[in-house]
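*Asks:* Okay, here's the prediction I keep looking at, along with the sequence it came from:
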2 protein chains.
Amino acid sequence: MNIDRNAPVGVFDSGVGGLTVAREIMRNLPSEKIVYFGDTARVPYGSKSKETVIRYSRQIIRFLQEQKVKAIVIACNTASAFALDEVQHDLDIPVLGVIESGAKVAAAETRNNRIGVIGTIGTVGSGIHASYLKKLNPEITVIGKACPLFVPLVEEGWLHDPVTVEVARRYLHELQEENIDTLILGCTHYPLLRSTIQKVMGEDVRLVNPAYETALELGRLLAEKELQSTGTGQEEFPYRFYVSDLADEFKSFANSILPYDVEMTQKIDIEKY
Amino acid sequence: MNIDRNAPVGVFDSGVGGLTVAREIMRNLPSEKIVYFGDTARVPYGSKSKETVIRYSRQIIRFLQEQKVKAIVIACNTASAFALDEVQHDLDIPVLGVIESGAKVAAAETRNNRIGVIGTIGTVGSGIHASYLKKLNPEITVIGKACPLFVPLVEEGWLHDPVTVEVARRYLHELQEENIDTLILGCTHYPLLRSTIQKVMGEDVRLVNPAYETALELGRLLAEKELQSTGTGQEEFPYRFYVSDLADEFKSFANSILPYDVEMTQKIDIEKY
């Protein structure tokens, strides 16, 4: 296995949400280059079947391999749930997903072994967090709750709005009654609602942000395999962004959450891969 | 042109929303058979480019032609906006869209020539209602407002919920200030929010439901071309439903808005068309 340690890391998501993961990689591993792919033509994955999500993930991975990435981060909960195990067999570069990284930290942090998971209908319905968590510690009880309005509320920009607080109260009420002490933000948009969710849940509940934990896990994995970049992070265009549709909408969301201008967004025909 | 008048009508949408149009056809043209296609694998269309939506619409129309439909209803605002003109040239059977039908009635009903249009970001941004309305009457002023939270609120089932009323107040406030007397429900999910929208807008504003108007327009068009069914409407399986992904979720939504059980939902591979 001969991998170029100065190659970029590939990060993909069904759309814009995975940018919260890319952002954590930029913050925590500043010398790493990133190729991001957002499958904006086929978003959302949450309502699609396992078979379809695996097919889409394989297409995107073929595209990222063409970009000669040294590792792949599946920054999408649905794709992590459905495709991670499948694609790990196909590849000789490291692949990691947001679900594993979040689950590990939650299992280590809980004191009463009662962990909540919020996400899309697809992610929560898949029970994937529960199956990882129970492998780590069979004593853990997992309480899942789908919060389908959170993504459109984030995309509307109503991050601290009273409507969002009220919706969060409705969704999170049953998790409070279940006396959880740890809550996994199981959807890539949710870190943007972190402060609203913390306010509703109270300060005693530990929120786990898998975007952040995945960036740290990537750092450990690259170190272990001696694949950390030796670059300065000051190269021209360290971050490249690709989408399958409508680059303009992507750019405006990206510019609202990333600390600099996303200039180089390119549309590619993912169906060809 | 040799069209079988007892053939079914083809109805398609990006997902489940177009079932509100199918429902109005069932209610108002009870002897017509329907083949419905919901593109649940590729929903939503609202965030996709014109080029992509035309390509998807052509694939679906090829599938519906294989089902030997006698007419096609584009029960999706985005597809009507982007694809109706394009596909009308390709076909020798009648094709109609929800946007034209709604616009005609709104133009006829307004007294102060101030018409509001609500819909997804894609539909409202396209300005397509305004361009139809201005062709019908250049004196008309159109005020558009995107309401991206309405679809997930409907899908959550919060049709008369205080949260939905508050979201509607926010969205509709500027339409009230603009003194419109007619409001087009420019998204197929919105008829399910009719009573909430009417409550917020007040009884003096006329709501136009394009699902209903399209069913009436279809009836007129079939009569004009002598294509009305001579059947009784009592045939076995007068309504057939096809989707591109996850037939189960589709069925549960369909069963919640249609007056009978949707048993015969079949998944097909639309990419092949």
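*Replies:* Happy to help now that I have it.
*Asks:* contacts, neighbours, all on C-alpha from now
*Replies:* Noted.
*Asks:* The stretch 151-273 of chain A against chain B: which residues are in contact?
*Replies:* For the stretch 151-273 of chain A, the residues in contact with chain B (C-alpha under 8 Å from any C-alpha of the partner chain) are A:152, A:153, A:156, A:163, A:166, A:167, A:245, A:246.
*Asks:* Kindly indicate which of those residues lies nearest residue B:266.
*Replies:* Nearest to residue B:266 out of these is residue A:245 (C-alpha to C-alpha; 28.1 Å).
*Asks:* Ramachandran angles for the closest one?
*Replies:* Main-chain torsions, residue A:245, degrees, to the nearest 10: phi -160, psi 150.
*Asks:* So what's the residue count around it?
*Replies:* 25 (other C-alpha atoms under 10 Å in any protein chain shown).
*Asks:* Over to residue A:252?
*Replies:* Quick note: residue A:252 (other C-alpha under 10 Å) scores 12 neighbours.
*Asks:* can you check residue A:161 too?
*Replies:* There are 12 residues near residue A:161, going by other C-alpha under 10 Å.
*Asks:* Show me what from the stretch 1-150 of chain A comes close to chain B.
*Replies:* Checking the stretch 1-150 of chain A against chain B by C-alpha under 8 Å from any C-alpha, the hits are A:40, A:41, A:42, A:43, A:44, A:47, A:48, A:49, A:148, A:149.
*Asks:* Just say helix, strand or coil for the closest residue to the last one other than its chain neighbours.
*Replies:* Nearest-residue entry for residue A:149: residue B:152, 6.1 Å, with adjacent residues in sequence omitted and distances by C-alpha to C-alpha, 6 or more residues apart in numbering or on different chains. Here residue B:152 takes the helix state, with states given by DSSP: H, G, I helix; E, B strand; the rest coil.
*Asks:* Could you do residue A:240 as well?
*Replies:* strand.
*Asks:* For the helix or strand where residue A:118 lies, which outside residues touch it?
*Replies:* Using DSSP states H and E, the element containing residue A:118 is strand A:114-119. Residues outside strand A:114-119 that contact it (C-alpha atoms under 8 Å, 6 or more residues apart in numbering or on different chains) are A:106, A:124, A:129, A:140-148, A:175, A:178-187.
*Asks:* returning to what we had before: got the residues of the stretch 151-273 of chain A next to chain B as a markdown table, with pLDDT columns?
*Replies:* What follows is those, written out as a markdown table (pLDDT from 0 to 100):
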| residue | pLDDT |
| --- | --- |
| A:152 | 91 |
| A:153 | 95 |
| A:156 | 89 |
| A:163 | 97 |
| A:166 | 97 |
| A:167 | 98 |
| A:245 | 85 |
| A:246 | 71 |
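*Asks:* Am I right that residue A:220 falls within a strand?
*Replies:* No - per three-state DSSP, residue A:220 lies outside any strand segment and is helix.
*Asks:* Could I get the pLDDT score of it?
*Replies:* According to the prediction, residue A:220 has pLDDT 97.
*Asks:* what does residue A:234 give?
*Replies:* 69.
*Asks:* Check residue A:252 too.
*Replies:* The score at residue A:252 is 80. That number is its pLDDT.
*Asks:* just residue A:84 next, same as before
*Replies:* 93.
*Asks:* wait, what's in contact with it?
*Replies:* Neighbours of residue A:84 in contact, by C-alpha under 8 Å, 6+ apart: A:74, A:95, A:96, A:97.
*Asks:* What helix or strand is the nearest residue to residue A:271 once chain neighbours are set aside located in?
*Replies:* Closest residue to residue A:271 apart from its sequence neighbours, by C-alpha to C-alpha, 6+ apart: residue A:59 at 7.3 Å. Using DSSP H and E, residue A:59 sits in helix A:50-66.
*Asks:* before we move on, the earlier item: list just the nearest of the contacts of residue A:84 to chain B.
*Replies:* Nearest to chain B among these is residue A:74, at 20.2 Å by C-alpha to the nearest C-alpha.
*Asks:* so the nearest residue in space to residue A:46 that is not next to it in sequence is in which element?
*Replies:* Closest residue to residue A:46 apart from its sequence neighbours, by C-alpha to C-alpha, 6+ apart: residue A:122 at 4.6 Å. Per DSSP H and E: residue A:122 is located in helix A:121-126.
*Asks:* Tell me how far the residue sitting nearest the centre point of chain A lies from chain B.
*Replies:* With distances taken as C-alpha atoms, centre = their mean, residue A:75 lies nearest the centre of chain A, 3.3 Å away. Distance from residue A:75 to chain B, counting by C-alpha to the nearest C-alpha, to the nearest Å: 20 Å.
*Asks:* Start and end of stretch A:30-41, how far apart?
*Replies:* 29 Å (C-alpha to C-alpha, to the nearest Å).
*Asks:* for chain A, what spans make up the helices?
*Replies:* A:19-28, A:50-66, A:77-90, A:98-109, A:121-126, A:128-136, A:150-156, A:162-177, A:194-201, A:210-224, A:247-257 (DSSP state H).
*Asks:* Can you flag the weakest of those by average pLDDT?
*Replies:* helix A:247-257 (a mean of 79).
*Asks:* between that helix and helix A:19-28, what angle do the directions make?
*Replies:* Here helix A:247-257 runs at an angle of 50 degrees relative to helix A:19-28 (axes from the mean of the first three to the mean of the last three C-alpha atoms, to 10 degrees).
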